[in-house]
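1. got a sequence here, can you model it:
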Amino acid sequence: MFLKKNCLFYFFLIIALIIPIILQPNYILSNIPSFYDDKRLIELLTINLFLITLILNKSSREIFCNTFQALSNESKSSLFLILGFIVLSSFLSKNQNISYLQLSLYLGLFFLIISIASLTRLNVNLIQIIFLTAIFTSLLLYLINTFVVYLASFIENIPMKWPEPFNGFSNIRFFNQYQIWSISLLSLPLIIYPSVDKRIIKLIKAIAIGWTILLFASGSRGAVGSIILSMLVTLFIFRGYAKLYLKLNSLFLIAGFIGYILLFKLIPYLAESDVTIGWRSVEGITSSSGRIELWQYAIQYIIDSPWLGIGPMHYAYYPGPTHAHPHNSLLQWACEMGIPSTLLVLSLIFSGLYNWVKKFYILTNSESLYVPSHLWIGLFCTLCSGLIYSLVSGVIVMPLSQVMIALIIGWMLGIYFQDQESKPVSQLQHIGLMLLAGATLTTLIYTVLPSLLPRLYSYADLPYQDYPIIAPRFWQIGGIPH
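-> Coordinates of the predicted model:
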């Protein structure tokens, strides 16, 4: 009913969502001279657009409320408790403006997740096609750009230097944090749409192999390990149901590794070319010892403030660490938002994964699956790989990665609640949602403007001496100025 009444409106929302997915990794859309900050600005615009939609459009609030009501009472209670803990932590933090900026961003991402889930519930099969098409289009554009750079360097025999061939990212690990949310989806189109045109199948295979080549070329042990570990977890849980999915993904990984050896090792060696000899990634946390030092700071912050933490984003406030986040999602949340909040988040994650698997088996045994079984399996594997990688990298920090997190979780929630009946939405719920969305929008704009405007005008005017840490967090220069 909602789709028929508001077809054009929801089409606009879907376009507003997939444009950032396609363009964020590939193009600079602003005058900000930073790949990282440009992606943050696009993320903020996307979140604000959905918040404005909820404030102004009644039918979008209705389907949003229906999706939120489908959550269990325990989940809703946990979410409100987490919100309460973060608000208290923000109020007691050293820099309240920065804390409320982080709080409003998290709330905005939550609104985006439920909005994506709501769009998915309206037409799950159409959304499935749109999301997969958007993701593969994004990968294709990026691969074209990457291998054009590679070929040009090879033909001219000019050694590649950072950021070549990984253009569009200020750090190669930010590329991996985007890649981790897409690489486990590579085999899905081949399984879900086996009768599609053979030329499209060949193109999908080429994209999949090219994407895994870049995985190995990036040299990320954490990303490769997370993907392999998530596949093992998926095999253990889904067993025979996941064989075809895992077989195809394994073949892509093997083909990608062979392609990496050929393109980045063997061919340059045989041709006596220095194209890949001079390539080095930028300075960063590349060793386990570097991460351990950051984790030690986080643990000390937890000991000092176990209940409410030191405040949202405040790992970037203190001058001790060399980076603005600890490269571990669990330690980051615990040291900034406190142990009780962290335990609630963990309970939501594990209960969500448990119920996802439980419902898969219930629907499979009753032969009533309403979306392809491998989509259930692929999204589970994708979420697991992202969660595992977040324990050694800044997956929950980076703007493009945050958009992909919202996409995957929202997609999963939309599928999970697809068979839930809609309930009437009261006027009080409409008003409550409008007020919360409006408060989030207002807080986000108010708190981000002081740091955004100088970046729009001139990077040269930023007071670098006031930043205790010159490393990415909310912005590329992510330390909180004193």
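
2. any idea of the mean pLDDT for stretch 291-308?
-> Stretch 291-308 shows an average pLDDT of 94 in the prediction.

3. what helix or strand does P306 sit in?
-> Taking DSSP states H and E as the definition, P306 sits outside all helices and strands.

4. measure the closest residue to it other than its chain neighbours to G378 for me?
-> In this structure, P306 finds its nearest non-sequential neighbour in I339, 5.1 Å apart by CB to CB, 6 or more residues apart in numbering. Bear in mind the C-beta positions are built from the backbone N, C-alpha and C, glycine included. According to CB to CB, to the nearest Å, I339 stands 33 Å off from G378.

5. which of those two has more neighbours?
-> Neighbour count, other CB atoms under 10 Å: between I339 and G378, G378 has more, with 24 against 17.

6. hmm, P189 and the more buried one touching each other?
-> No - counting by CB atoms under 8 Å, G378 stays clear of P189, with 10.2 Å between them.

7. just for the stretch 1-150 of the chain, where's the confidence low?
-> 1-12, 27-33 (pLDDT under 70).

8. just the helices in the stretch 101-250 of the chain please.
-> For the stretch 101-250 of the chain, the helices defined by DSSP state H, counting those that start in this stretch cover 124-156, 172-179, 188-192, 198-217, 221-238, 243-261.

9. JSON lines for those helices, including distance to M412?
-> As requested, the helices of the stretch 101-250 of the chain are exported to JSON lines (distance: least, CB to CB, whole Å):
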{"stretch": "helix 124-156", "distance to M412": "11"}
{"stretch": "helix 172-179", "distance to M412": "18"}
{"stretch": "helix 188-192", "distance to M412": "13"}
{"stretch": "helix 198-217", "distance to M412": "22"}
{"stretch": "helix 221-238", "distance to M412": "14"}
{"stretch": "helix 243-261", "distance to M412": "16"}
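
10. looking only at pLDDT, what's the mean for stretch 368-382?
-> 94.

11. for that stretch, buried residues please.
-> Across stretch 368-382, burial judged by 16 or more other CB atoms under 10 Å covers V371, S373, H374, L375, W376, I377, G378, L379, F380, C381, T382.

12. among the residues you listed, which lie within helices?
-> Those of the buried residues of stretch 368-382 mapping onto helices are S373, H374, L375, W376, I377, G378, L379, F380, C381, T382, per DSSP state H.

13. from the residues you listed, which single one is nearest P399?
-> Within those, proximity to P399 (CB to CB) peaks at T382, which comes in at 18.7 Å.

14. of the ones in helices among the buried residues of stretch 368-382, closest to A242?
-> For these, the residue nearest A242 by CB to CB is I377; the value is 4.9 Å.

15. the closest one against Y241, yeah?
-> Yes - between I377 and Y241 there is a contact under CB under 8 Å: 6.4 Å.

16. how is P326 assigned, secondary-structure-wise?
-> coil (DSSP: H, G, I helix; E, B strand; the rest coil).

17. assign G320 to helix, strand or coil.
-> coil.

18. contacting residues for the closest residue to it other than its chain neighbours?
-> Spatial nearest neighbour of G320, excluding adjacent residues (CB to CB, 6+ apart): Y297 at 5.5 Å. For Y297, the contacting residues are Y315, Y318, G320, P321, P326, by CB atoms under 8 Å, 6 or more residues apart in numbering.

19. right, and the helix or strand after the helix or strand hosting Y297?
-> Y297 belongs to helix 288-304 when assigned by DSSP H and E. Using DSSP H and E, the helix or strand that follows helix 288-304 towards the C-terminus is helix 329-337.
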